[in-house]
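A.B. asks: this one's sequence-less:
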């Protein structure tokens, strides 16, 4: 990032705090609606303040999209045996996951547009703007860890250890994909494929 103005971290932390407030305060039945509205506003702000850097990250490349399709498919496929193993080890896991589906209603196809908006802006915020702001100050490894920690802390407002476990494992993959490809389309597509499969097409049982 030599020759570029260092991204400001403070405003981004305020945006992340707002995300946590919405995620923690809104009723679960309405979470996708209100979080998608907030996400849309965040996207406008990030693209505006990000300028050329944001446009570069969002420039589509066929290789990155293809990689995202493959990575998303693999993540989705691996989720089911991982969930089965977790359910065998944790007696309450199936009941807790079912409760999350009931409360949020994310198994409904009508939730897909809102879900995709949230997915895209999560990547733009945590794997894009926040990751770049941290990487301008720290090494790549510290920036990965810092962005992941902020992501987990934000989602902790929802009060679910399952959400935190998913955020830790999936967030690490998406952050590493961002670092590897130097763009956002691979993590966006990967995240979208995984979320659509797990939450809409073939929910966990």
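C.D. replies: Ah, there it is. What you see is a predicted model; the values in this text were computed from it and never measured.
A.B. asks: For the rest of this, base every contact and every neighbour count on C-alpha atoms.
C.D. replies: OK.
A.B. asks: and the residue nearest the centre of the chain, which of the three is it?
C.D. replies: Note on the chain: the residue nearest the mean C-alpha position is residue 122, at 4.3 Å, using C-alpha atoms, centre = their mean. In three-state terms, and counting by DSSP: H, G, I helix; E, B strand; the rest coil, residue 122 is helix.
A.B. asks: Which residue, other than its chain neighbours, is closest to it?
C.D. replies: residue 39 (7.8 Å; C-alpha to C-alpha, 6 or more residues apart in numbering).
A.B. asks: got a list of what that neighbour touches?
C.D. replies: Listed by C-alpha atoms under 8 Å, 6 or more residues apart in numbering, the contact set of residue 39 reads 117-118, 121-122.
A.B. asks: Save those as JSON lines, and put in pLDDT and distance to residue 92 too.
C.D. replies: Formatted as JSON lines, the contacts of residue 39 follow (pLDDT from 0 to 100; distance: C-alpha to C-alpha, whole Å):
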{"residue": "117", "pLDDT": "95", "distance to residue 92": "31"}
{"residue": "118", "pLDDT": "95", "distance to residue 92": "28"}
{"residue": "121", "pLDDT": "96", "distance to residue 92": "32"}
{"residue": "122", "pLDDT": "96", "distance to residue 92": "29"}
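A.B. asks: would you list these in CSV and tack on distance to residue 147?
C.D. replies: Formatted as CSV, these follow (distance: C-alpha to C-alpha, whole Å):
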residue, distance to residue 147
117, 20
118, 17
121, 14
122, 11
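A.B. asks: Any chance of the backbone angles for the nearest residue to residue 117 once chain neighbours are set aside?
C.D. replies: Counting by C-alpha to C-alpha, 6+ apart, residue 117 lies nearest to residue 36, which is 5.9 Å off, once chain neighbours are set aside. Main-chain dihedrals, residue 36, degrees, to the nearest 10: phi -70, psi -40.
A.B. asks: Which residues are in contact with residue 36?
C.D. replies: When contacts are counted by C-alpha under 8 Å, 6+ apart, residue 36 is found next to 114-115, 117-118.
A.B. asks: Which ones among these lie within helices?
C.D. replies: 114-115, 117-118 (DSSP state H).
A.B. asks: in the chain, which ranges drop under the pLDDT threshold?
C.D. replies: Applying pLDDT under 70 to the chain flags the ranges 1-5, 105-109.
A.B. asks: ok, so of the ones in helices among the contacts of residue 36, who is nearest residue 60?
C.D. replies: Distances from residue 60 to these, taken as C-alpha to C-alpha, are shortest for residue 117 (17.0 Å).
A.B. asks: Identify the residues contacting the closest one.
C.D. replies: 36, 39-40.
A.B. asks: Counting neighbours, what do you get for residue 155?
C.D. replies: 20 (other C-alpha atoms under 10 Å).
A.B. asks: Correct me if wrong: it contacts residue 23.
C.D. replies: Yes - look at residue 155 against residue 23 with C-alpha atoms under 8 Å: they come within range, at 7.0 Å.
A.B. asks: those helices in the protein, which residues are they?
C.D. replies: Counting by DSSP H, the helices of the chain are 9-25, 31-57, 62-89, 93-104, 112-122, 131-135, 140-155, 161-181, 185-195.
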